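**Q** Sharing a model prediction with you, sequence too.
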Amino acid sequence: MKVLVAVKRVIDYNVKVRVKPDNTGVDLANVKMAMNPFCEIAVEEAVRLKEKGVATEIVVVSIGAKACQEQIRTALALGADRGIHIETDEEVQSLEAAKLLKAVVEKEEPKLVILGKQSIDTDNNQTGQMLAALTGMGQGTFASEVVVEGDKVNVTREVDGGLTTVALNLPAVVTTDLRLNEPRYASLPNIMKAKKKPLDGMTPADLGVELAPRLSTLKVEAPASRQAGVKVADVAELVDKLKNEAKVI
Amino acid sequence: MDTAYFNDTHEQARQTARKFITTHVSPYIEDWEEAGEFPRELYTLAGEAGLLGAGYPESLGGHSEGDIFLKVALSEELMRSTSGGLVAGLGSIDIGLPPVVKWARPDVRDAIAPAVLRGEKIIALAVTEPGGGSDVASLKTRAVRNGDEYVVNGAKTFITSGHRADYYTVAVRTGSEGHGGISLLLIDRDTPGFTRGRKLRKMGWWASDTAELFFEDCRVPANRLIGAENAGFIAIMTNFLSERLMLAIMGYMTAEIALETSIRYCRQREAFGRSISGFQVTRHKLVEMATQVDIAREYTYRCAALMQAGKSPIKQVAMAKNFAAQVCEDVTREAIQLHGGMGYMREAMVERLHRDGKLLSIGGGTTEIMKELISKQMGL
């Protein structure tokens, strides 16, 4: 079974994000970049499926500037077999990412596509769902457990009320939640071996997809800094404030 | 930390080392420091991650042979454990194993190196003796050839990983007085006549195991001779180059961590109505510390670059070690001062950094021996 995993290059989760002085976006100059943590979980899940003998080949795909190849190499070092880099310096929004991934799906015909549920830069939580809709595949989002059985995959999902399990026919799209697994680190010999694994480059035009953003950003601002709280004398005062000032109960 | 010296592979390797430290070391390091050792399993975990194999031949289970800056990157990240003792303990492989890999008989090398690189076996280097350390040419532990064996008598001390090592690369006297009579022998832990004394308690490097070794009519198979008989001195000296580079790295990294910790503390600590980093005297002190750390690091990189280019920069590496050790001592001392009373507490990391840092002007050749070496290289 072939598994396709999409990974995104984002600002490292440890970095304190700064807004550009002209409010057009987030400052990316000289900022440490890394693989989106949810994508790391997606790679890990694919590698575990391969170790269990369920997956036979893992193809990892990333969309973006040339530097995205670093994240593809990381995925290859973690256990993916080959990489696809769709190179573009343009902004790629969720729908376009989904269209590009659909083109890759049609080319590669994977049985399972695993993505992070969202990326920690824009936090849209859309690409996996859009890809499923565009390709007509079933979707299991926010996965906390993935079990492949024959032509089906059972995906346990984290929802507000607890857990729910969906059974999907393969091929299917799965997006990962935080508790699906604990990603490993790449061993040094595997990092060295990853350098020799194949990495194909292509452009959105090669895949017949035109990048035309449908959303425009008006302004980016840092969140307001947190205000100091107030102390209450007793529970009665707390309830009063929640009722009459905050109006939440 | 982008410089021309490091590439993407080094960055990926750093990430692995960083995650290794944050996963397997950082949560436990305070306990290990107090306990005076870290679990043996850490060697196998480091072996699995490929951290031990860096710089060794692939045929023995290593990788990236000859990539000096990979070793630099990994050493820097391991120092993020904030424990010189842990790094020294894990790192005893890099002083004990290279002579075996380079000069031992192929059958002996192939039987030993792969298990050590996997972290299943531990190796130590034993040169220093109770009667003297710096004066290697005067070592007294004697090995007398008797048929197919060497009979070893003598003692070693201050040996890192000395208690729990499985193999020991031991400097012995096989010939006449002076540096022309020294050889290296590979001695197994369970060889009859070989015992280990008490576990030595130290000022710093608490997490590393440091021991005395005793040899009484210890019979070692003659095929365990590393290199040619009486050619051990040059092997020991060659080994020192990379050891001293590592000690220089430990120096500026210990100082770097002390500096970062101090900056955080000074921002948050308030006195006289404002954070103490608001005072010029504090800022200038931090700037002076940062300047020293940067210069020590960049000069050490320069030495590594010379080694990468195939040179043998004995003088420069000795200078780097001396400079970084001094920077480490100064910066960690100032870091404690900036922390005030808190800096004197065992729970403050800077206290440990200062104790650990002192070793660097002693181990791998004292500052004074380095100066003698430098003056010889300068033809003074």
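**A** Sure thing, it's come through. All values derive from a computational prediction rather than experimental measurement. Numbering: from 1, shown residues only, chains lettered A, B, ... in the order given.

**Q** list the contacts for the closest residue to A:Leu95 other than its chain neighbours?
**A** Once flanking residues are discounted, A:Leu95 sits nearest to A:Met130: 5.8 Å by Cβ to Cβ, 6 or more residues apart in numbering or on different chains. Any C-beta I mention is one placed from the backbone N, CA and C, and that applies to glycine too. For A:Met130, the contact set (Cβ atoms under 8 Å, 6 or more residues apart in numbering or on different chains) comprises A:94-95, A:97-98.

**Q** the helices in the stretch 251-380 of chain B, which residues?
**A** Applying DSSP state H, counting those that start in this stretch to the stretch 251-380 of chain B gives helices spanning B:280-308, B:314-339, B:349-358, B:367-377.

**Q** What lies in contact with the third one?
**A** This means helix B:349-358. For helix B:349-358, using Cβ under 8 Å, 6+ apart, the contacting residues are B:33, B:82-85, B:203-206, B:251, B:254-255, B:257-258, B:261-262, B:325, B:328-329, B:332-333, B:335-336, B:339, B:343-346.

**Q** For the helices of the stretch 251-380 of chain B, give me a markdown table that also has mean pLDDT, distance to B:Asp110 and mean neighbour count.
**A** Output for the helices of the stretch 251-380 of chain B, formatted as a markdown table (pLDDT from 0 to 100; distance: least, Cβ to Cβ, whole Å; neighbours: other Cβ atoms under 10 Å in any protein chain shown):
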| stretch | mean pLDDT | distance to B:Asp110 | mean neighbour count |
| --- | --- | --- | --- |
| helix B:280-308 | 97 | 26 | 17 |
| helix B:314-339 | 97 | 30 | 24 |
| helix B:349-358 | 96 | 36 | 24 |
| helix B:367-377 | 96 | 34 | 16 |
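
**Q** what's the neighbour count on whichever residue of the stretch 1-150 of chain B sits closest to chain A?
**A** Nearest to chain A, among the residues of the stretch 1-150 of chain B, is B:Gly50, at 2.9 Å (Cβ to the nearest Cβ). Neighbours of B:Gly50 under the rule other Cβ atoms under 10 Å in any protein chain shown: 25.

**Q** just checking, it touches A:Lys193?
**A** No. In this structure B:Gly50 lies outside contact range of A:Lys193 using Cβ atoms under 8 Å: 10.5 Å.

**Q** give the contact list for the residue of the stretch 1-150 of chain B closest to chain A.
**A** A:187-191, B:16, B:63 are the contacts of B:Gly50 under Cβ under 8 Å, 6+ apart.

**Q** Same check on B:Lys140?
**A** B:129, B:131, B:154, B:173.

**Q** From chain A, how far off is the third one?
**A** Translated: B:Gly154. Applying Cβ to the nearest Cβ, to the nearest Å, the value for B:Gly154 to chain A is 38 Å.

**Q** So what sits opposite that residue in the bridge?
**A** B:Phe215 (DSSP bridges).

**Q** unless I'm mixing things up, it is touching B:Phe215, no?
**A** Yes. When contacts are counted by Cβ under 8 Å, B:Gly154 is listed as touching B:Phe215 (5.4 Å).

**Q** Looking only at neighbour counts, state which of those two leads.
**A** When B:Gly154 and B:Phe215 are compared on other Cβ under 10 Å, the one with more neighbours turns out to be B:Phe215, at 26 against 21.

**Q** would A:Val10 count as being in a strand?
**A** Yes. With DSSP: H, G, I helix; E, B strand; the rest coil as the criterion, A:Val10 is assigned to a strand.

**Q** if you go through chain A in chain order, where are the helices?
**A** Applying DSSP state H to chain A gives helices spanning A:37-51, A:68-78, A:94-108, A:127-135, A:188-194, A:235-244.

**Q** Present those as TSV; the columns should include mean pLDDT.
**A** As requested, these are exported to TSV (pLDDT from 0 to 100):
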stretch	mean pLDDT
helix A:37-51	97
helix A:68-78	95
helix A:94-108	96
helix A:127-135	97
helix A:188-194	95
helix A:235-244	93
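
**Q** Among those, which comes closest to B:Met378?
**A** Shortest distance between B:Met378 and those, using Cβ to Cβ, is found for helix A:188-194: 38.5 Å.

**Q** what helices or strands is the closest one leaning on?
**A** Helix A:188-194 sits against helix A:68-78, helix B:8-20, with contacts defined as 3 or more Cβ pairs under 8 Å, 6 or more residues apart in numbering or on different chains; DSSP states H and E.

**Q** ok now that helix, how far from the chain's centre?
**A** Centroid separation for helix A:188-194 versus its chain: 24 Å, with Cα atoms, centre = their mean, to the nearest Å.

**Q** Mind checking the pLDDT average for the longest strand seen in chain A?
**A** Criterion DSSP state E: the longest strand present in chain A is strand A:138-149. In this model, strand A:138-149 has a mean pLDDT of 95.

**Q** related to what we said a few turns ago, I'd like the helices of the stretch 251-380 of chain B as JSON lines, with distance to B:Arg224 appended.
**A** Below are the helices of the stretch 251-380 of chain B laid out as JSON lines (distance: least, Cβ to Cβ, whole Å):
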{"stretch": "helix B:280-308", "distance to B:Arg224": "29"}
{"stretch": "helix B:314-339", "distance to B:Arg224": "28"}
{"stretch": "helix B:349-358", "distance to B:Arg224": "34"}
{"stretch": "helix B:367-377", "distance to B:Arg224": "29"}
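
**Q** Mind checking these for the one nearest to B:Thr141?
**A** Of all the helices of the stretch 251-380 of chain B, helix B:367-377 comes closest under Cβ to Cβ, at 19.7 Å.

**Q** The closest residue to chain B within chain A: what's it in contact with?
**A** Per Cβ to the nearest Cβ, A:Leu188 is where chain A lies closest to chain B, at 2.9 Å. Applying Cβ under 8 Å, 6+ apart to A:Leu188 gives the contacts B:13, B:16, B:49-51, B:53-54, B:63-64.

**Q** Please name the spatially closest residue to it (chain neighbours excluded).
**A** Nearest to A:Leu188 is B:Gly50, by Cβ to Cβ, 6+ apart, at 2.9 Å.

**Q** so what's the backbone phi/psi at that neighbour?
**A** phi 80, psi 10 (degrees, to the nearest 10).

**Q** any idea how far chain A is from the residue sitting furthest away from the middle of chain B?
**A** Going by Cα atoms, centre = their mean, the residue of chain B most distant from its centre is B:Gly273, 43.9 Å out. Computed as Cβ to the nearest Cβ, the B:Gly273 to chain A distance reads 18 Å.

**Q** Nearest to A:Gly138, out of the helices of the stretch 251-380 of chain B?
**A** Closest among those, using Cβ to Cβ: helix B:349-358, at 51.4 Å.
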